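> My questions are about this predicted structure, shown below with the sequence.
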Amino acid sequence: MGRARGRRTGRRQSAAVATEELPHPHELVSPDSTPDTIAGWQAVSESLLSDPCCAFHRNMEISSRYAWAYKLQPACFKWAAMAAIASHHVRLALFPLRLDTDRTGYLDLTRSLGRRQPLLTTDVNTIRRTNNAIFNDIFWVHLAYVTADNGIEHLRALLQTHRHYAPILSGFEAIDAGRRVLEDATASAAARGTAGDLIWLGNLQLLEHEQRALVQPHFDGLSCAFARLISIGSATTFEARGVRRELAYFTSFYAYSLTRGIPHAVRAQAWPRITRFDDRWRWLAASVVPRFRRFDADTRLVDASLRRISAEARVYASSPCILPGSPMN
């Protein structure tokens, strides 16, 4: 009975957070309580996720939080939208963990990881941990930027002495410079176009930091079998609905690597793998990001995709979660 009561408690807490429309950041963090450390901002970001929270709920909530961040500054926070869609796709990789749930949906991840099985569960858990690490490392920066009176100055004070965050700070400086031009009613069309390019350059820096500093160390530990599997399955559609739209924005890692990327594979004399940074980054920078930029230009499409991600998180919140106190997030 204690276990069942724990699951119900987790479900209620998860639903309470995931189904809420978050207020503006100024309502979450008052001016007199603005964190002055990275750890403080990370704690604020963590508070936007339900606790306790299992692997599946955590993934869905992270995806919806990225979607929320994008809507705060849609002209600037391009990385957040891409992260929302990428995190939403991660839920598919977590599916093997579903096979260890009971009839109520309870997942004992400790037991699942502690026994031998042919479903590469350890690799799946690595993907889960990667998704969590990205949220912990980058989401809070967006929150701090839009909350502080002078966001970029606040980020400089927080990040300028941290080598790890140098690419993030550089990216946000580019984003901030572009935003200021876009908000200037007297700016020319040419200046606004240049500002838009600068914003995308800044977001590309965030993406490269994510892939180099967070994804790659985790991917280095994946088994060869799982690395081959996710290389084959790596594709992006940006959650577009309708066959014609899906095809217009579809991109596959291997389709790119064995066509436009083949000269690099020949020079490297190695079969392309999504877990190799250089192979993955070429695909992201040359194929995924340009397609998303075209997708993002149609505000109706990107808004519809992110609304679906948030709606699915709300629906998912009604299913059971893990026992309170279990370190499974």
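Sure, I can see it.
> going forward, measure contacts between C-alpha atoms and count neighbours the same way
Fine.
> Let's test this: mean pLDDT of stretch 170-182, rounded?
The pLDDT scores in stretch 170-182 average 98.
> and it, C-alpha only, in CSV?
Output in CSV follows, covering the C-alpha atoms of stretch 170-182 (Å, rounded to 0.1, in the frame of the first residue of the first chain):
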residue,chain,number,x,y,z
SER,A,170,29.9,34.3,-26.6
GLY,A,171,26.7,32.8,-28.1
PHE,A,172,24.4,35.0,-25.9
GLU,A,173,26.5,38.1,-26.7
ALA,A,174,25.8,37.5,-30.4
ILE,A,175,22.1,36.8,-29.6
ASP,A,176,21.8,40.0,-27.5
ALA,A,177,23.5,42.2,-30.2
GLY,A,178,21.1,40.9,-32.8
ARG,A,179,18.1,41.3,-30.5
ARG,A,180,18.9,45.0,-29.9
VAL,A,181,18.9,45.7,-33.6
LEU,A,182,15.6,43.8,-34.2
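> what comes up buried for that stretch?
Within stretch 170-182, the residues scored as buried using 16 or more other Cα atoms under 10 Å are 170-179, 181-182.
> And the furthest pair within those?
Greatest spatial distance among the buried residues of stretch 170-182 (Cα to Cα): S170 and L182, at 18.7 Å.
> where in this structure is pLDDT low?
For the chain, applying pLDDT under 70 flags the ranges 1-21, 31, 51-53, 96-119, 231-247, 261, 263-269, 317-329.
> from the chain's centre, how far out does the longest helix anywhere in it sit?
Longest helix in the chain by number of residues (criterion: DSSP state H): helix 189-209. Distance of helix 189-209 from the chain centroid (Cα atoms, centre = their mean, to the nearest Å) equals 19 Å.
> swap in stretch 254-261?
Remark: stretch 254-261 is offset 24 Å from the chain centroid, using Cα atoms, centre = their mean.
> Also stretch 63-72?
That offset, for stretch 63-72, works out to 10 Å (Cα atoms, centre = their mean).
> That stretch: which residues count as buried?
For stretch 63-72, the buried set under the neighbour-count rule, 16+ other Cα under 10 Å, comprises 63-71.
> right, and the pair among the residues you listed with maximum separation?
Distances among those were taken as Cα to Cα; the most separated pair is S63 and K71, at 12.9 Å.
> Going along the chain, name the strands of the protein.
Applying DSSP state E to the chain gives strands spanning 235-236, 251-252.
> gap between the residue nearest the centre of the chain and Q211?
In the chain, the residue lying closest to the centroid (Cα atoms, centre = their mean) is A83, at 3.1 Å. According to Cα to Cα, to the nearest Å, A83 and Q211 sit 11 Å apart.
> that older thread, tell me which residues of the longest helix of the chain come out buried.
So helix 189-209, judged by 16+ other Cα under 10 Å, has buried residues 192, 195-196, 198-209.
> Same check on stretch 290-300?
Residues of stretch 290-300 classed as buried by neighbour count (16+ other Cα under 10 Å): 291-292, 295-296.
> again with stretch 160-167
Neighbour-count burial for stretch 160-167, counted by 16+ other Cα under 10 Å, picks out 165, 167.
> Put the alpha carbons of it into PDB.
What follows is stretch 160-167 as a C-alpha-only set of coordinates in PDB (Å, rounded to 0.1, in the frame of the first residue of the first chain):
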ATOM      1  CA  GLN A 160      33.100  35.300 -17.700                       C
ATOM      2  CA  THR A 161      35.400  33.500 -15.300                       C
ATOM      3  CA  HIS A 162      34.100  30.000 -16.200                       C
ATOM      4  CA  ARG A 163      36.000  28.500 -19.200                       C
ATOM      5  CA  HIS A 164      33.300  25.800 -19.600                       C
ATOM      6  CA  TYR A 165      30.700  28.500 -20.300                       C
ATOM      7  CA  ALA A 166      32.800  30.700 -22.600                       C
ATOM      8  CA  PRO A 167      31.000  29.400 -25.800                       C
END
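> just to revisit the earlier point, present the buried residues of stretch 63-72 as JSON lines; the columns should include distance to L155.
Formatted as JSON lines, the buried residues of stretch 63-72 follow (distance: Cα to Cα, whole Å):
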{"residue": "S63", "distance to L155": "23"}
{"residue": "S64", "distance to L155": "24"}
{"residue": "R65", "distance to L155": "20"}
{"residue": "Y66", "distance to L155": "19"}
{"residue": "A67", "distance to L155": "21"}
{"residue": "W68", "distance to L155": "20"}
{"residue": "A69", "distance to L155": "17"}
{"residue": "Y70", "distance to L155": "18"}
{"residue": "K71", "distance to L155": "20"}
